[in-house]
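Visitor: Got a sequence here, can you build the structure:
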Amino acid sequence: MDNLHNSKILVVDDNEDNLELIEDFLDDEGYENIICVLGAKEAYDVLSSHNIDLIILDIMMPEIDGLKACEYIKSHPEYEDIPIIIATAKADLDTLKAGFEAGANDYVRKPITNDVELLARVKNALTMKIQLNYIKNINKTLDTKIKDEIEKNHKKDLLMQEQTKLAAMGEMVGSIAHQWRQPLNALSINIQNLEDDFADGLIDEKFLDEFMGKNRKIITFMSDTIDDFRNFFRIDKEKTKFSALESVDSVVNILGAVMKSNGIELKIVGDDFEIYGFKNEFSQVIMNIINNAKDALIEKNIKDKVVSLKLDNHSIFIEDNAGGIEETIISRIFEPYFTTKEQGKGTGMGLCMSKMIIEDNMNGKLKARNINDGVVFEIILDSECDKC
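Guide: Below you'll find the model as predicted:
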């Protein structure tokens, strides 16, 4: 039996008939490790004593409803990576939005009259979890190698060279896991909206072309992220000319759904210009800086969250209103392993790698400075930037 069918699935519903029906569908498909409970409190007990791979959670339950249970589970670091499929008789947009905001990864409609939709969503959720776990394991292995190299190498210059290389590889793998979650969420939201668009009679040939084109871009970006990781340290990469605005737009399109769900407004202004360099690496720099701004805005609980991107004369300015960076440490933010985030939430290599990409690989400049109510990162790509 494959790894998928060895997965341990927790089913939570206040109706025994529903539990029995779901269990029968899963059992017929070959899933044998199924635990059924009649409420959220019992589910919490199971989570504390079993390694659960997937949760199918009913929304409408007495005492503790499914949305509160979902929020509670996702608030605990040891459970936050467990995918949750909510089961709901209300598949309207508001209900689904509330479910996804609570931390759900997918949904299945009730009453469950056949096994097709349920089994497809279960398989998709478990497959995604296995893939993300694989990437995390690679990252842990690389992290162990970094520590081993630090212990063995006592020569400062050689130590820094090896340490930075391995850390950069680890950061890239971590970025794959992090960046994949966002486009996967975007794909999920696009698919959920498709049903409403169909019901509203909006789907025609033009709509389908735009829908397919938008989602192909998301999938291509995910594929490019893997290629970037393989190619990052190769010396035979070729530079190409590409549009600065198109590259920025591609990142904003990927992050749009996540930023919107966190109440963050993304603005793009200015005139397009051509860049000569590595397009995918440049896109990762933009994504890293925007993600840092997003994290700061959320952490500081800013009321009107805004991230602005301005294109001007071969320069790109990425600005937020998260309150800025302490003047005593802003000069250190590009150093390897220096981070202002809580332990476990950042490696301190993201901005260091961004600076490497812009300055070492693209002959540009990457700077940061505080402004009135936030910080602005300036990427200078002019051919004369080495004189800046």
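
Visitor: Is residue 310 bridged to anything, and to what?
Guide: In this entry, residue 310 is beta-bridged to residue 269, residue 317, by DSSP bridges.

Visitor: Would you mind measuring from it to residue 295?
Guide: Distance, residue 310 to residue 295, using Cβ to Cβ, to the nearest Å: 21 Å. No exception for glycine: its C-beta is placed from N, CA and C like everyone else's.

Visitor: And what about residue 64, helix, strand or coil?
Guide: Secondary structure state of residue 64, per DSSP: H, G, I helix; E, B strand; the rest coil, is coil.

Visitor: I'd guessed it sits against residue 37; true?
Guide: No - applying Cβ atoms under 8 Å as the test, residue 64 and residue 37 come out as separate, 11.9 Å apart.

Visitor: shared neighbours of those two, anything?
Guide: Common contacts of residue 64 and residue 37 (Cβ atoms under 8 Å, 6 or more residues apart in numbering): none found.

Visitor: C-terminal to the lowest-mean-pLDDT helix or strand in the chain, what's the next element?
Guide: The least trusted helix or strand in the chain, going by mean pLDDT, DSSP states H and E, turns out to be helix 156-199, with a mean of 64. Downstream of helix 156-199, the first helix or strand assigned by DSSP states H and E is helix 205-231.

Visitor: chain center to that following helix: distance?
Guide: Here helix 205-231 is found 15 Å from its chain centre; the criterion is Cα atoms, centre = their mean, to the nearest Å.

Visitor: Packing partners of that helix?
Guide: Helices and strands touching helix 205-231, as assessed by 3 or more Cβ pairs under 8 Å, 6 or more residues apart in numbering; DSSP states H and E, comprise helix 156-199, helix 244-261, helix 279-299.

Visitor: Helix 244-261 and that helix, what's the angle between them?
Guide: 100 degrees (axes from the mean of the first three to the mean of the last three Cα atoms, to 10 degrees).

Visitor: Okay, helices next: where are they in the stretch 1-150 of the chain?
Guide: Remark: helices assigned in the stretch 1-150 of the chain by DSSP state H, counting those that start in this stretch are 16-29, 40-49, 66-74, 93-102, 116-152.

Visitor: Make JSON lines out of those helices and add distance to residue 325 and mean pLDDT.
Guide: Below are the helices of the stretch 1-150 of the chain laid out as JSON lines (distance: least, Cβ to Cβ, whole Å; pLDDT from 0 to 100):
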{"stretch": "helix 16-29", "distance to residue 325": "50", "mean pLDDT": "92"}
{"stretch": "helix 40-49", "distance to residue 325": "38", "mean pLDDT": "93"}
{"stretch": "helix 66-74", "distance to residue 325": "29", "mean pLDDT": "92"}
{"stretch": "helix 93-102", "distance to residue 325": "29", "mean pLDDT": "89"}
{"stretch": "helix 116-152", "distance to residue 325": "26", "mean pLDDT": "81"}
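
Visitor: Please render the ones you listed as a markdown table that adds distance to residue 81 to the earlier fields.
Guide: Output for those, formatted as a markdown table (distance: least, Cβ to Cβ, whole Å):
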| stretch | distance to residue 81 |
| --- | --- |
| helix 16-29 | 21 |
| helix 40-49 | 12 |
| helix 66-74 | 9 |
| helix 93-102 | 16 |
| helix 116-152 | 7 |
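
Visitor: Which of the ones you listed has the highest mean neighbour count?
Guide: Among the helices of the stretch 1-150 of the chain, helix 66-74 has the highest mean neighbour count (mean count of other Cβ atoms under 10 Å), at a mean of 20.

Visitor: How far does that one sit from its chain's centre?
Guide: The chain centre lies 20 Å from the centre of helix 66-74; the measure is Cα atoms, centre = their mean.

Visitor: what does stretch 60-67 give?
Guide: Remark: stretch 60-67 is offset 28 Å from the chain centroid, using Cα atoms, centre = their mean.

Visitor: Pull it out as PDB, backbone CA atoms only.
Guide: The C-alpha coordinates for stretch 60-67 follow below in PDB (Å, rounded to 0.1, in the frame of the first residue of the first chain):
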ATOM      1  CA  MET A  60     -22.100  22.900  12.200                       C
ATOM      2  CA  MET A  61     -21.400  21.300  15.600                       C
ATOM      3  CA  PRO A  62     -22.800  22.000  19.100                       C
ATOM      4  CA  GLU A  63     -20.600  23.500  21.800                       C
ATOM      5  CA  ILE A  64     -17.500  24.200  19.600                       C
ATOM      6  CA  ASP A  65     -18.300  24.700  15.900                       C
ATOM      7  CA  GLY A  66     -16.000  23.700  13.100                       C
ATOM      8  CA  LEU A  67     -14.600  27.200  12.400                       C
END
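
Visitor: which outside residues touch that stretch?
Guide: Here stretch 60-67 has contacts from 12-14, 39-41, 57-59, 69, 72, 86-89, 98-99, 102, using Cβ under 8 Å, 6+ apart.

Visitor: Now with 6 Å, please.
Guide: Outside stretch 60-67, the residues that touch it by Cβ atoms under 6 Å, 6 or more residues apart in numbering are 14, 40, 57-59, 86, 98, 102.
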